[in-house]
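> what's the 3D shape of this:
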Amino acid sequence: MSPALSDGSSDAALHRAFVSVRDVSRPVGAGVLLTDRLVLTCAHVVNSALGRDRFERSTPPRGQEIRLRLPHVAADRDLTGRVVTAMWRPPRSEPVAGAAGTPPPAGMLPYHGDLAVLELDEPAPAGAEPAPFLTHRDRNEVIALWASGHPLPTLRAVPRVSAPPWIALDVVGGTVAEGFSGGPLWDRERQAVVGLVVAAHVAVPDGPPGRAGTVYAIGLPSVEAELPALPPVSVPMSARGVQRLLAALERLLPSRRRSWSASSGSRRGSAGGRRGRRRTSTRWWPWLWASAGAYRNCWTRCTPG
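This is a model prediction of the structure:
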């Protein structure tokens, strides 16, 4: 039986797009639904699912099947995916996308590439929906689900710095273990995927095994740079306009959490007429933000995937 999804859940859109990548018997990593037929994950997750070396560079042939599930939509239904040859980016040392490259040496962080797009043999089951994407925002807490999609091992982290091609995040809850790789980082406040988990660092070498202080993710700009041929699926087609509006508002309103009284207080030295004009133009911003969010939530819940 598939887990019930609540429309009121802040993670419902994540659940509809979350993909579990499996080997013959168990989940080994995760991915995220881009369209009803395409899944984005890490290349090393695909290698693990196929029993290959983590940094194997050769493209898996189209005849080789990768087992997938959407645990929050159809938990008992096995799906089959195949690597899209033109969108295979194995891990490499060199920064140039598409270069023949060499595998990164052991312990090298960050490295480049490590992305793969899988094509499903049939459309995703009813209830699945492509994920909305936005660029990450520093200090906005995000979550990551383990490969099975079960909520108990959920990881909480806060983006600290962007150092392309990766984002570094400080872990604030949960324990990093194998199986998070390839999974989407979900920003609950903004209701969007902001990256893919790719690696982790142990905080204290002599500390408890598996305890991570830092996780690393591949952000949306790096995904787009690595996969320029990827269809324009940063957000679902039905919600693209709203998501772009949200992104534009965030650029214009970096301090949208401040009340008008606080922001106007900082301008008391300005001329009265100018202050009045600023207030007239900005007092609608919270309404615009709320309206865009309401439209986004409506698209997420009500529009066919």
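
> when you work out contacts or count neighbours from here on, use the C-alpha atoms and nothing else.
Fine.

> list the contacts of the residue lying closest to P95 once chain neighbours are set aside.
Nearest residue to P95, sequence neighbours excluded (C-alpha to C-alpha, 6 or more residues apart in numbering): H112, at 5.9 Å. Contacts for H112 were tallied using C-alpha atoms under 8 Å, 6 or more residues apart in numbering; they are P91, R92, S93, E94, P95, P165.

> quick check: what element follows the helix or strand hosting I218 along the chain?
Element membership for I218 (DSSP states H and E) is strand 212-219. Per DSSP H and E, strand 212-219 leads on to helix 220-226 as the next helix or strand towards the C-terminus.

> what about the residue lying closest to L134 once chain neighbours are set aside, neighbour count?
Setting aside the residues directly before and after it, L134 is nearest to V194 in space (C-alpha to C-alpha, 6+ apart), at 5.4 Å. Per other C-alpha atoms under 10 Å, the neighbour tally for V194 reads 24.

> V194 contacts L220, correct?
Yes. Counting by C-alpha atoms under 8 Å, V194 touches L220, with 6.3 Å between them.

> shared neighbours of the two, anything?
F133, L134, T135, H136.

> CA atoms of stretch 166-177 as PDB?
This file holds the C-alpha atoms of stretch 166-177, laid out as PDB (Å, rounded to 0.1, in the frame of the first residue of the first chain):
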ATOM      1  CA  TRP A 166      29.000  22.100  -5.200                       C
ATOM      2  CA  ILE A 167      27.200  23.600  -2.300                       C
ATOM      3  CA  ALA A 168      28.500  22.900   1.200                       C
ATOM      4  CA  LEU A 169      25.800  22.400   3.900                       C
ATOM      5  CA  ASP A 170      26.200  22.100   7.700                       C
ATOM      6  CA  VAL A 171      24.300  19.200   9.100                       C
ATOM      7  CA  VAL A 172      21.900  20.200  11.900                       C
ATOM      8  CA  GLY A 173      19.900  17.000  12.300                       C
ATOM      9  CA  GLY A 174      20.200  13.400  11.400                       C
ATOM     10  CA  THR A 175      23.100  11.200  10.400                       C
ATOM     11  CA  VAL A 176      24.600  10.900   7.000                       C
ATOM     12  CA  ALA A 177      25.000   7.400   5.600                       C
END
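
> in a helix, H15, correct?
Yes. Assessed with DSSP: H, G, I helix; E, B strand; the rest coil, H15 lies in a helix.

> ok, it - how many residues close by?
23.

> identify the residue spatially nearest to it, adjacent ones excluded.
Per C-alpha to C-alpha, 6+ apart, closest to H15 is H72, 5.6 Å.

> next, that neighbour: secondary structure please.
coil.

> ok, the one 4 residues further on next?
Under three-state DSSP, D76 falls in the strand class.

> neighbours around it, how many?
For D76, using other C-alpha under 10 Å, the count is 12.

> relative to A43, how far out is it?
25 Å (C-alpha to C-alpha, to the nearest Å).

> cool, L220 as well?
L220 is 16 Å from A43, by C-alpha to C-alpha.

> who has more neighbours, the two?
Between L220 and A43, counting by other C-alpha under 10 Å, A43 is the more crowded of the two (29 against 20).

> tell me what the strand holding I218 is packed against?
Based on contacts counted as 3 or more C-alpha pairs under 8 Å, 6 or more residues apart in numbering; DSSP states H and E, the elements that strand 212-219 packs against are strand 166-173, strand 192-202.

> most packed of the ones you listed?
strand 192-202 (a mean of 24; mean count of other C-alpha atoms under 10 Å).

> and that strand with strand 166-173, angle?
Inter-element angle recorded for strand 192-202 and strand 166-173: 80 degrees (by axes from the mean of the first three to the mean of the last three C-alpha atoms, to 10 degrees).

> quick one: mean pLDDT over strand 192-202.
What strand 192-202 shows for mean pLDDT is 87.

> so that strand versus strand 212-219, what angle?
140 degrees.

> so the residue nearest to H15 sits right up against P151, yeah?
No. Contact between H72 and P151 fails when scored by C-alpha under 8 Å: they sit 10.5 Å apart.

> who's more crowded, those two?
H72 (25 against 10).

> distance check, the more buried one against G174.
H72 is 21 Å from G174, where distance means C-alpha to C-alpha.

> do R89 as well
Relative to G174, and taking C-alpha to C-alpha, R89 is found at 29 Å.

> what's across from E119 in the sheet?
Beta-bridge partners recorded for E119 (DSSP bridges): L38, R82.

> I meant A74, not that one.
Under the criterion used (DSSP bridges), A74 bridges to L70.

> dump the residue contacts of the residue nearest to L134.
Residues near V194 by C-alpha under 8 Å, 6+ apart: F133, L134, T135, H136, P184, L185, W186, D187, G219, L220.
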